[in-house]
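1. My questions are about this predicted structure, shown below with the sequence.
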Amino acid sequence: GCWYIRAQKSSEKVPDHMPKNLKKNNRDLWSMYEIFSCARYLAQQGENISSGHMVAVLTSKDLGRTSAPPTFQKLLANCHQDGISMEKISSFANKWLDTLKSKG
């Protein structure tokens, strides 16, 4: 195991209405449900911080442009409402590179 990574406890996620048998039928979509559930939990832990998005989920795809089931679209809307930012890894890295260039 890794000293810096640990599995989420069952109490450290926000319950969502995940479709039945999703883990068996679509493992990738099930993983996304689990990740966003944990992200929502983390976002709710820092709800008194009003400086902007404190939880970011980085993906290789633009989730806003993918065709996903309505339940997953609702989950994305809930995440956005909870203050979770979702970005492509490349755009996130480019923003940081621009920030570093402007300060250095």
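-> Received it, and whenever you're ready, just let me know what you need.
2. Beta-bridge partners for Val57, please?
-> Following DSSP bridges, Val57 is listed with bridge partners Met86.
3. if I look at it, how far off is Lys24?
-> 24 Å (CB to CB, to the nearest Å). Yep, even glycine has a C-beta here, placed from its N, CA and C like the rest.
4. which residues of this protein fall in helices?
-> 22-25, 27-45, 70-81, 89-103 (DSSP state H).
5. which of these sits most buried?
-> helix 27-45 (a mean of 17; mean count of other CB atoms under 10 Å).
6. Just the CA trace of that one, in PDB.
-> This file holds the C-alpha atoms of helix 27-45, laid out as PDB (Å, rounded to 0.1, in the frame of the first residue of the first chain):
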ATOM      1  CA  ARG A  27     -17.700  -0.200 -14.400                       C
ATOM      2  CA  ASP A  28     -16.300   3.100 -15.700                       C
ATOM      3  CA  LEU A  29     -19.600   4.900 -14.900                       C
ATOM      4  CA  TRP A  30     -19.800   3.300 -11.500                       C
ATOM      5  CA  SER A  31     -16.200   4.500 -10.800                       C
ATOM      6  CA  MET A  32     -17.200   8.100 -11.700                       C
ATOM      7  CA  TYR A  33     -20.200   7.900  -9.400                       C
ATOM      8  CA  GLU A  34     -18.000   6.800  -6.500                       C
ATOM      9  CA  ILE A  35     -15.400   9.600  -7.300                       C
ATOM     10  CA  PHE A  36     -18.000  12.300  -7.400                       C
ATOM     11  CA  SER A  37     -19.700  11.100  -4.300                       C
ATOM     12  CA  CYS A  38     -16.400  11.400  -2.400                       C
ATOM     13  CA  ALA A  39     -15.800  14.800  -4.000                       C
ATOM     14  CA  ARG A  40     -19.200  16.000  -2.800                       C
ATOM     15  CA  TYR A  41     -18.300  14.900   0.700                       C
ATOM     16  CA  LEU A  42     -15.000  16.700   0.600                       C
ATOM     17  CA  ALA A  43     -16.700  19.900  -0.700                       C
ATOM     18  CA  GLN A  44     -19.300  19.800   2.100                       C
ATOM     19  CA  GLN A  45     -16.500  19.600   4.700                       C
END
